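[1] Mind looking at a prediction? Sequence and model below.
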Amino acid sequence: MEASIQEVARLTGTTSRTLRHYDAIGLLEPSRVGDNGYRWYDDRALVRLQRILLLRGLGLGLPDIRRVLEREQDETAALRHHLDWLRSEQRRLERQAASVERTITARENGGPLVAENMFDGFDHSQYKDEVEQRWGADAYASSDAWWRGMSDDERAAWKATTARLATEWGEAAAAGTDPVSDEAQELARRHVAWLSGIPGTPGHGATPVKEYVLGLADMYVADERFAANYGGVGGATFVRDALHEYAARHL
């Protein structure tokens with residue numbers, strides 16, 4: 001199989017410009033370039049592109065993706081590992097959906113709510129492998145110990161702070177606030193301060209690492225699970241742009 005750059009861009013939802021950029025930085029070279037300058041991609045190049053897009057979906061930046069691809073030479077084994085994660089995530093989402101359906105049914109019919117049923121699929125440890133892949137085993141261990149060490153009141157307070165910040169981001173985005181405005185930058189400052197309070201994250205207890213903040217901001221848009229916290233991709237894009245601006249000024 002061989003596809004032109006236009007076909008690849010259409011099939012993947014990316015752009016020809018992005019594919020040319022991948023070529024320029026040595027991340028994805030076309031299998032050949034025609035006399036007319038058109039780039040063509042064969043099976044091997046398309047498999048590599050699939051891996052790149054999967055890793056982008058996990059929030060990895062291009063330099064990190066390059067390192068992963070260089071380290072994992074066995075493409076089939078790497079794809080099989082990612083497939084296992086996707087299936088695990090699919091099962092988790094199915095369990096969450098079933099939990100919500102049970103809650104709705106109980107509410108509508110006046111039946112009892114059972115905590116074990118309500119929160120099936122919400123266990124934060126479900127993300128263990130994903131966190132370790134992105135930020136390392138120490139990051140997961142530190143944040144997991146921190147979370148489990150909290151009292152119920154402390155966890156409730158932290159969740160309330162998180163929800164309040166997400167709500168204010170969403171309200172600012174809905175109001176059409178400029179990402180570089182004082183209002184948006186104050187939200188960004190609070191967001192970065194919130195990140196610094198999570199053990200295991202780069203820069204915990206001080207100023208978060210700039211690359212970490214930028215990568216996380218990009219992930220808010222790329223990963224629909226995170227985008228949902230800010231009202232969807234539009235709200236997440238506003239958060240990302242504001243955090244990028246804050247990082248450029250202060251990190």
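    Nice, thanks for sending it over.

[2] where exactly do the strands run in the chain?
    In order along the chain, the chain carries the following strands (DSSP state E): 2-4, 32-33, 39-42.

[3] which one of those has the most crowded surroundings?
    strand 39-42 (a mean of 18; mean count of other Cβ atoms under 10 Å). Backbone N, C-alpha and C define where each C-beta goes, glycine included.

[4] Output the longest helix belonging to the chain.
    In the chain, assigned by DSSP state H, the helix with the most residues is helix 75-109.

[5] Hmm, Thr15 is touching Ala9, no?
    Yes. Counting by Cβ atoms under 8 Å, Thr15 does reach Ala9; the two are 5.5 Å apart.

[6] Pick out the residue nearest the middle of the protein.
    With distances taken as Cα atoms, centre = their mean, Met219 lies nearest the centre of the chain, 3.4 Å away.

[7] ok, that one touching Phe226?
    Yes. Met219 is within contact range of Phe226, at 5.9 Å (criterion: Cβ under 8 Å).

[8] where do the contact lists of Thr15 and Ala9 overlap?
    Residues touching both Thr15 and Ala9 by Cβ atoms under 8 Å, 6 or more residues apart in numbering: none at all.

[9] roughly how far apart are Phe238 and Asn36?
    41 Å (Cβ to Cβ, to the nearest Å).

[10] So between those two, which is more surrounded?
    A side-by-side neighbour count of Phe238 and Asn36, using other Cβ atoms under 10 Å, places Phe238 first with 26 against 5.

[11] State the pLDDT value of the more buried one.
    Looking at Phe238, its pLDDT is 94.

[12] which residue lies farthest from the center of this protein?
    Asp35 (39.3 Å).

[13] show me the contacts for that one.
    Contacts of Asp35 by Cβ under 8 Å, 6+ apart: none found.

[14] Now do it against Asp182, distance only.
    54 Å.

[15] now do Tyr246
    From Tyr246 to Asp182 the distance is 11 Å (Cβ to Cβ).

[16] Ok, Gly57 next?
    On the measure of Cβ to Cβ, Gly57 and Asp182 end up 34 Å apart.

[17] I'd guessed Val8 sits against Arg48; true?
    No. With contacts counted by Cβ under 8 Å, Val8 stays clear of Arg48, the gap being 11.5 Å.

[18] Which one of the two is surrounded by more residues?
    Under the neighbour definition other Cβ under 10 Å, Val8 and Arg48 were set side by side, and Val8 has more, 20 against 17.

[19] How about the contacts made by the more buried one?
    14, 19, 41, 46, 49.

[20] out of those residues, which are buried?
    The neighbour-count test (16 or more other Cβ atoms under 10 Å) applied to the contacts of Val8 identifies 14, 19, 41, 46, 49 as buried.

[21] In a markdown table, list those residues along with pLDDT and distance to Thr201.
    Listed next are the buried ones among the contacts of Val8 as a markdown table, based on pLDDT from 0 to 100; distance: Cβ to Cβ, whole Å:
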| residue | pLDDT | distance to Thr201 |
| --- | --- | --- |
| Thr14 | 87 | 29 |
| Leu19 | 94 | 32 |
| Tyr41 | 94 | 37 |
| Leu46 | 92 | 35 |
| Leu49 | 92 | 30 |
